[in-house]
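In: 3D model of this:
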Amino acid sequence: MTDGRAGRARWASAVLAALGLLAGACGTSQGTGPGTSAGTGRQSGAATVQRSSPAATAPTATAISTPSATPISSAGSLVAGRYQPLWPFADEKQARDWQESYRSGGHQPWHLDAERTALSFTQGFLGFTGVDQVVKRTVTGGDARVSVGIRGEGGGRPGIAAVIHLVRFGAGPDAPWEVVGTDDTTFSLTTPGYGAVVSSPVRVGGRITGVDESIRVDVRATGSARPLGERCCVAAGGDGVPWSATVTFRAAPGRTLTLVASTGGHVAKVERFAVTGVRVAR
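Out: Now for the predicted structure:
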């Protein structure tokens, strides 16, 4: 989620001040408040984006439901000093080690490709092998959004399962891409907040739009082939309806975890998913 809370606060103060002057001049009072509800579904109009990773700036009319927490580790363990390193590197040292091996022998060049990194994260790390399409890619400098999805029925347009947020980890033109979260719309994971400190059991949740959904939650970490915790399955459905679950896990203190929520079963095993990054309490 975006760490622009201070900017929004200054904006809100300016708006309130202006409204106060108008109210005084007209002899009437006005109230203001946030008008965007989290988890708005496509059926209700334009989808509201909820970010499971902090963004550099908060787009207009975007609901920011998981503001970034105060970093609990040194900047060297965070991507660009603020993002949780979810995959493929656990910290900046691992990213630098790969850079050195790439410069000396061209080792694993796919780390320089945002699309391949996003698909490898989805299929290899998360195990969602049926999500095998890159639907859209947007790259701005060292920041990328890659929409991954499933094949459309009858050869139709692929459906988007998630929008994966990636950031270059480290310095130089050969800094590798790192997954730091997802941008969520009709299916979100907003609890716990991005960058939060957690312990087991952890309560996770968000909002969902859909019919007869079955939500699975996994706790994963870089370097572990299997989930460190899992919960299946949570029945859900409706239009922007809250969902929640409690998951027990085992992980070392201070470790970065990837919380993964997924749903499907209508067309494919996994049709939508969302991830967020947290840290285990010390």
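In: low-confidence ranges, the protein, go.
Out: Across the chain, residues meeting the criterion (pLDDT under 70) sit at 1-76.
In: number of residues surrounding the nearest residue to residue 180 once chain neighbours are set aside?
Out: Distances taken as Cβ to Cβ, 6 or more residues apart in numbering place residue 83 nearest to residue 180, at 3.9 Å, with adjacent residues excluded. To be clear about C-beta, it is placed using only N, CA and C from the backbone, and glycine gets the same treatment. Residues contacting residue 83 under the criterion other Cβ atoms under 10 Å number 26.
In: ranges for the strands of the stretch 101-250 of the chain?
Out: 133-140, 143-150, 159-168, 177-184, 197-198, 202-220, 229-247 (DSSP state E, counting those that start in this stretch).
In: and the second one, which strands flank it?
Out: The pairing partners recorded for strand 143-150 under DSSP bridges are strand 133-140 (antiparallel), strand 159-168 (antiparallel).
In: returning to that earlier point: save the strands of the stretch 101-250 of the chain as JSON lines, and put in distance to residue 110 and mean neighbour count too.
Out: Output for those, formatted as JSON lines (distance: least, Cβ to Cβ, whole Å; neighbours: other Cβ atoms under 10 Å):
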{"stretch": "strand 133-140", "distance to residue 110": "13", "mean neighbour count": "14"}
{"stretch": "strand 143-150", "distance to residue 110": "13", "mean neighbour count": "22"}
{"stretch": "strand 159-168", "distance to residue 110": "13", "mean neighbour count": "24"}
{"stretch": "strand 177-184", "distance to residue 110": "9", "mean neighbour count": "28"}
{"stretch": "strand 197-198", "distance to residue 110": "31", "mean neighbour count": "18"}
{"stretch": "strand 202-220", "distance to residue 110": "20", "mean neighbour count": "21"}
{"stretch": "strand 229-247", "distance to residue 110": "28", "mean neighbour count": "16"}
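In: sorry, back to before: any idea what the residue nearest to residue 180 is bridged to?
Out: residue 79.
In: so it sits against residue 167, correct?
Out: Yes - applying Cβ atoms under 8 Å as the test, residue 83 and residue 167 come out as touching, 5.5 Å apart.
In: which residues are common contacts for those two?
Out: 178, 180 (Cβ atoms under 8 Å, 6 or more residues apart in numbering).
In: returning to what we had before: relative to residue 262, which of the strands of the stretch 101-250 of the chain is closest?
Out: Evaluated over the strands of the stretch 101-250 of the chain, closeness to residue 262 peaks at strand 202-220, with 5.2 Å, by Cβ to Cβ.
In: that closest one packs against which elements?
Out: Judged by 3 or more Cβ pairs under 8 Å, 6 or more residues apart in numbering; DSSP states H and E, strand 202-220 is in contact with strand 229-247, strand 256-263, strand 272-280.
In: would you turn these into a markdown table with distance to residue 211?
Out: Shown next, in a markdown table, are the helices and strands packed on strand 202-220 (distance: least, Cβ to Cβ, whole Å):
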| stretch | distance to residue 211 |
| --- | --- |
| strand 229-247 | 5 |
| strand 256-263 | 11 |
| strand 272-280 | 13 |
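In: out of those strands, the one nearest residue 89 is which?
Out: When the helices and strands packed on strand 202-220 are compared (using Cβ to Cβ), the closest one is strand 256-263, at 10.4 Å.
In: between the closest one and strand 177-184, what angle do the directions make?
Out: On the basis of axes from the mean of the first three to the mean of the last three Cα atoms, to 10 degrees, strand 256-263 is oriented at 40 degrees to strand 177-184.
In: strand 256-263 pairs with which strands?
Out: Counting by DSSP bridges, strand 256-263 is paired with strand 202-220 (antiparallel), strand 272-280 (antiparallel).
In: okay, the ones you listed in a markdown table with distance to residue 194 next?
Out: Shown next, in a markdown table, are the strands paired with strand 256-263 (distance: least, Cβ to Cβ, whole Å):
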| stretch | distance to residue 194 |
| --- | --- |
| strand 202-220 | 12 |
| strand 272-280 | 5 |
